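Participant: Model the following, please.
(chains A, B, C and D)
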2 protein chains.
Amino acid sequence: MRPSKRDELVRRALNIFYREGFHATGMDLLSGETGISKTTMFKHFHSKDELILAVLRLRDQDFRTWLFRRMEEAGEPRAQLLAMFDALAEWFAKPDFRSCMFIKAASEYPDPDHPIHVQSAEHKRMLFRQLQAIAAEAGAKDPAGLARALLLLKEGAIVTAHLGHEADPAGDAKAVAEKLISAALD
Amino acid sequence: MRPSKRDELVRRALNIFYREGFHATGMDLLSGETGISKTTMFKHFHSKDELILAVLRLRDQDFRTWLFRRMEEAGEPRAQLLAMFDALAEWFAKPDFRSCMFIKAASEYPDPDHPIHVQSAEHKRMLFRQLQAIAAEAGAKDPAGLARALLLLKEGAIVTAHLGHEADPAGDAKAVAEKLISAALD
DNA sequence: ATGAAAGTGTACAGATCAGTTCATCTTGGA
DNA sequence: TCCAAGATGAACTGATCTGTACACTTTCAT
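Facilitator: Modelled structure (predicted):
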């Protein structure tokens, strides 16, 4: 019960929503693509919105785990902060990169009180907390301020990688980040 | 014949698409809210996608005109570059601010070859060209590089204002921009 | 082996979707 | 005054949407 089918549905729904969008993906298509009957889907999740929320929880877990693992591999805190942008470059280079799932979710559910919007915002807040902690470890004078600035660059790089014509938004962001980090740690 | 009805439709459709999203807004609702009959709508635009493209053209015009006018009011080129972030702060403070229409459009039409996606990307490219010109006027050593960096901050601030919990993303972005501009003009 | 839990396929409801058809009405210029 | 172009309302097509109903099968622990 607890293992397979439900998790498999969420995992495969994640990929389809990410590729096609939320409104553009119907439950029938989802059932066809995942091979899981619609009856079962609605037994696990009482509505499409609930399924989307589960997808976003999974994506939040996966993404933060992946990102901060990549950063930890870089060694000391200062190097970790910079490594975020190398991880981004790696992500952008994937052929199936299609921007950030939470930016997309917030775009499709623009009402700020909608649960999907709220949960997307929560993801960004958790990213901020983790980044702030690393900035503090690195000895930044203003860890919160540094984390906010680095996240601005991160979000900007994601949007630009998805929508722009620039060659290397992650590299551009990293160059700015280097200056900020140097200044913040004097 | 060329004036009113058609332009009025595009203008009012813009507001509704911006507030509710593209997929979430049906042509019937659009007809009801604008008071323009569906027959007339489909006489002017052969499909919903064509209407959306017209909406995006209008938004591109309006936004760039508004932004660069605000920047010009700041005086010399260096001040103009910084004024972009004051304009953003002004925009974010509006109660009906709901992120950037082109980020949203690209989110809802993620296929990079889709005309709506292509046109959204074109908007970002034109912003870049105009910003690069001002950076050159200001005497930047690498106008293109400075423009790219400032746009990263702009896009990041927009996403964060829409999705984050931060108090003043435009101010944060401006603080980083000041350092970049100082360094670029030495 | 039995019985409950989980999953299945199919058909359906009721709403909404983009887009069309058609007969009628309004408008403005010659 | 007349005529053509533009606009209208309402009904309609056929597809698709979320969500449900129901009878059936599979799985698996006891």
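Participant: Please identify which residue in chain A comes closest to DNA strand D.
Facilitator: A:Gly26 (3.0 Å; Cβ to the nearest atom of the strand). C-beta: built from backbone N, CA, C; applies to glycine.
Participant: so what's that residue up against?
Facilitator: By Cβ atoms under 8 Å, 6 or more residues apart in numbering or on different chains, no residues touch A:Gly26.
Participant: I'd like the distance between it and A:Phe17.
Facilitator: 11 Å (Cβ to Cβ, to the nearest Å).
Participant: got the residue ranges for the helices in chain A?
Facilitator: With DSSP state H, the ranges of helices along chain A come out as A:4-20, A:27-34, A:38-44, A:48-72, A:77-93, A:101-108, A:115-137, A:143-163, A:169-185.
Participant: for the ones you listed, which one sits closest to B:Ala144?
Facilitator: Nearest to B:Ala144, of all these, is helix A:169-185, at 10.2 Å by Cβ to Cβ.
Participant: The closest one near chain B at all?
Facilitator: Yes: Helix A:169-185 lies within reach of chain B by Cβ under 8 Å from any Cβ of the partner chain, at A:Pro169, A:Asp172, A:Ala173, A:Ala175, A:Val176, A:Lys179, A:Leu180, A:Ala183.
Participant: can you pick the most crowded of these?
Facilitator: Counting neighbours by other Cβ atoms under 10 Å in any protein chain shown, A:Ala173 leads the residues of helix A:169-185 next to chain B with 29 neighbours.
Participant: so can I have CSV of the helices of chain A showing distance to DNA strand C and mean pLDDT?
Facilitator: Formatted as CSV, the helices of chain A follow (distance: least, Cβ to the nearest atom of the strand, whole Å; pLDDT from 0 to 100):
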stretch, distance to DNA strand C, mean pLDDT
helix A:4-20, 3, 93
helix A:27-34, 8, 95
helix A:38-44, 4, 94
helix A:48-72, 12, 98
helix A:77-93, 32, 98
helix A:101-108, 14, 98
helix A:115-137, 18, 98
helix A:143-163, 23, 98
helix A:169-185, 32, 97
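Participant: returning to what we had before: could you export the residues of helix A:169-185 next to chain B as CSV, including distance to A:Ala89?
Facilitator: As requested, the residues of helix A:169-185 next to chain B are exported to CSV (distance: Cβ to Cβ, whole Å):
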residue, distance to A:Ala89
A:Pro169, 9
A:Asp172, 10
A:Ala173, 9
A:Ala175, 12
A:Val176, 14
A:Lys179, 18
A:Leu180, 18
A:Ala183, 23
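Participant: Of all pairs in these, which one is the farthest apart?
Facilitator: Counting by Cβ to Cβ, the most remote pair of those is A:Pro169 and A:Ala183, 21.6 Å apart.
Participant: Share the number of residues neighbouring the closest residue to A:Glu90 other than its chain neighbours, please.
Facilitator: Residue nearest to A:Glu90 in three dimensions, not counting chain neighbours: A:Arg70, with 7.5 Å by Cβ to Cβ, 6 or more residues apart in numbering or on different chains. A:Arg70 has 17 neighbours, counted by other Cβ under 10 Å.
Participant: same check, this time on A:Arg19
Facilitator: 13.
Participant: How about it, nearest residue that isn't a chain neighbour?
Facilitator: Nearest one to A:Arg19, counting by Cβ to Cβ, 6+ apart, is A:Arg98 at 6.4 Å.
Participant: confidence score at that neighbour?
Facilitator: pLDDT, A:Arg98: 97.
Participant: just A:Asp186 next, same as before
Facilitator: Looking at A:Asp186, its pLDDT stands at 77.
Participant: what about the closest residue to it other than its chain neighbours, distance to B:Lys48?
Facilitator: Nearest non-adjacent residue to A:Asp186, counting by Cβ to Cβ, 6+ apart: A:Lys141, 7.5 Å away. According to Cβ to Cβ, A:Lys141 stands 52 Å off from B:Lys48.
Participant: can you check A:Ala133 too?
Facilitator: Per Cβ to Cβ, A:Ala133 is found 46 Å from B:Lys48.
Participant: Compare neighbour counts for those two and give me the winner.
Facilitator: Comparing A:Ala133 with B:Lys48 by other Cβ under 10 Å, the one with more neighbours is B:Lys48, at 17 against 14.
Participant: Neighbours of the residue lying closest to the more buried one once chain neighbours are set aside, how many?
Facilitator: Once flanking residues are discounted, B:Lys48 sits nearest to B:Met27: 6.0 Å by Cβ to Cβ, 6+ apart. If you count neighbours by other Cβ under 10 Å, B:Met27 ends up with 15.
Participant: Do I have it right that B:Met27 meets B:Lys38?
Facilitator: Yes: under the criterion of Cβ atoms under 8 Å, B:Met27 makes contact with B:Lys38 at 6.1 Å.
Participant: Quick check: residues of chain A near DNA strand D?
Facilitator: A:23, A:25-29, A:38-39, A:42, A:46-49 (Cβ under 7 Å from any atom of the strand).
Participant: Turn the buried ones among the residues you listed into a named PyMOL selection, would you?
Facilitator: Selection of buried members from the residues of chain A next to DNA strand D for PyMOL, criterion 16 or more other Cβ atoms under 10 Å in any protein chain shown:
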select buried, chain A and resi 25+48
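Participant: Among the residues of chain A next to DNA strand D, which pair sits farthest apart?
Facilitator: A:His23 and A:Thr39 (22.7 Å).
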